[in-house]
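> this one's structure only:
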């Protein structure tokens with residue numbers, strides 16, 4: 001699932017799901033894995049601009065702090 005981690009172990013990842021049915025499938029399949037990783041965030045559509053900007057800024061600042 002995390003092929004990017006083979007290239008860069010510290011890469012920040014933001015998943016944006018397509019909608020409720022896809023989100024539930026994604027959450028059931030991957031959430032146990034991604035919830036343990038502080039470098040991964042998951043957002044469900046529809047998402048407002050402010051929430052998206054906030055999570056991107058948080059992700060960037062977390063990467064910059066390392």
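Ah, there it is. Treat the numbers as computed from the prediction; the structure is a model and nothing was measured.

> And the top helix by length along the chain, what's buried?
Looking across the chain with DSSP state H, the single longest helix is helix 49-65. Within helix 49-65, the residues scored as buried using 16 or more other C-beta atoms under 10 Å are 55, 59. All C-beta spots, glycine's among them, are computed from the backbone N, C-alpha and C.

> for that helix, packing partners?
Using 3 or more C-beta pairs under 8 Å, 6 or more residues apart in numbering; DSSP states H and E as the contact test, the elements touching helix 49-65 are strand 13-17, strand 40-44.

> Provide the strand pairings for the last one, with the direction of each partner.
Read that as strand 40-44. Partner strands and pairing direction for strand 40-44 (DSSP bridges) are strand 13-17 (parallel).

> Buried residues in the partner strand, which are they?
residue 17.

> just how off-centre is it within its chain?
From the chain centre to the centre of strand 13-17 is a distance of 4 Å (C-alpha atoms, centre = their mean, to the nearest Å).

> what's that strand in contact with?
2, 4, 23, 26, 30, 34, 39-45, 47, 55-56, 59 (C-beta atoms under 8 Å, 6 or more residues apart in numbering).

> Buried by neighbour count, from these: which ones?
Using 16+ other C-beta under 10 Å, the buried ones in the contacts of strand 13-17 are 23, 26, 34, 39, 40, 41, 42, 44, 55, 59.

> of those, closest to residue 10?
Nearest to residue 10 out of the buried ones among the contacts of strand 13-17 is residue 39 (C-beta to C-beta; 6.9 Å).

> Show the pLDDT at residue 53.
Per-residue confidence (pLDDT) for residue 53: 92.
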